[in-house]
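**Student:** Following is a predicted model, sequence given first.
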Amino acid sequence: MLDFSIFTNHAGEFLTGFGNTVKASVIALVCSFIFGVIIAVMRISPFRILRWIGTAYVEFIRNIPLLLIAFFIFFALPSVGLKFDGFLGGTAALSIYTASFIAEAIRAGIQSIDKGQMEAGRSSGLTYLQAMRYIILPQAIKIVIPPLGNQFINLVKNSSILGVITGLDLMYFGDAVYSRTYSVFEVYIIVALFYLVLTIPLSLFVGYLEKRLSASS
């Protein structure tokens, strides 16, 4: 029989961790989306150096573990004078890692837009960036809502990386409670339920948004 008094006895720690997980996820979501859009635009830029930088970023970051990025930021960067606490370091790692996947999703969306629309925008007097901002990107993002939604859900789950570098997130406090109570099933079931509180509504919202956008197109 599971003993859920573990939650009532340690509710403060679980709720603190949950709050920090929400905070890290929201910050990383915003940062990774903005950075991902920039990298996606660089990937299809008419300038070779920008395409090279964007491609190098995506191929490098996407093919190394998130844990390695977090360790590099938290343990390696202090040796050159850049020191981050666990929360900021984990959130930065999460943003950098997720941005590479978002960039690829948005790049695919951009490339699915007819090239004539960019040409029409340029011929009407818009610069490349203005045409991208006002004509291409709004359509591309609408197209890639499903994969973007999946990346955002993955981001929330991947936020557990903060627990490895003392990021004071839900996983960190779950481990702390377990180390004192040894109630492995109760502790991690509670942690899992908290993650579901975040991911299930997000999944439902993405599905709703996808249907609404499809109906309006």
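**Tutor:** Everything's here; your move. These numbers were taken from a predicted model, which means no experiment stands behind them.

**Student:** what about the helices in this structure?
**Tutor:** 5-9, 11-43, 48-62, 66-71, 86-111, 115-123, 128-131, 137-143, 145-158, 170-181, 184-216 (DSSP state H).

**Student:** I figured L94 hits V26, correct?
**Tutor:** No: using Cβ atoms under 8 Å, L94 makes no contact with V26, being 11.1 Å away. For every residue, glycine as well, the C-beta is placed using N, CA and C.

**Student:** quick one, which of these two is more surrounded?
**Tutor:** Legend: neighbour count by other Cβ atoms under 10 Å for L94 and V26, higher for L94 (28 against 13).

**Student:** And that one, how far from I165?
**Tutor:** Using Cβ to Cβ, to the nearest Å, L94 is found at 11 Å from I165.

**Student:** Surely I190 is in contact with N9?
**Tutor:** No: contact criterion Cβ under 8 Å: I190 and N9 do not qualify, at 11.1 Å.

**Student:** between the two, which one's more packed in?
**Tutor:** I190 (21 against 13).

**Student:** The residue lying closest to that one once chain neighbours are set aside: how many residues sit nearby?
**Tutor:** Of all residues not flanking I190 in the chain, F7 sits nearest, at 5.2 Å (Cβ to Cβ, 6 or more residues apart in numbering). By the measure other Cβ under 10 Å, the count of residues near F7 is 18.

**Student:** Show the contacting residues for F7.
**Tutor:** Residues near F7 by Cβ atoms under 8 Å, 6 or more residues apart in numbering: 14, 186, 190.

**Student:** In stretch 169-178, which residues are buried?
**Tutor:** Residues of stretch 169-178 classed as buried under the neighbour-count rule (16 or more other Cβ atoms under 10 Å) are 169-174, 176-178.

**Student:** quick one: common contacting residues for L94 and I165?
**Tutor:** A70.

**Student:** which stretches of this protein have low pLDDT?
**Tutor:** Along the chain, the parts satisfying pLDDT under 70 run over 1-2, 215-217.
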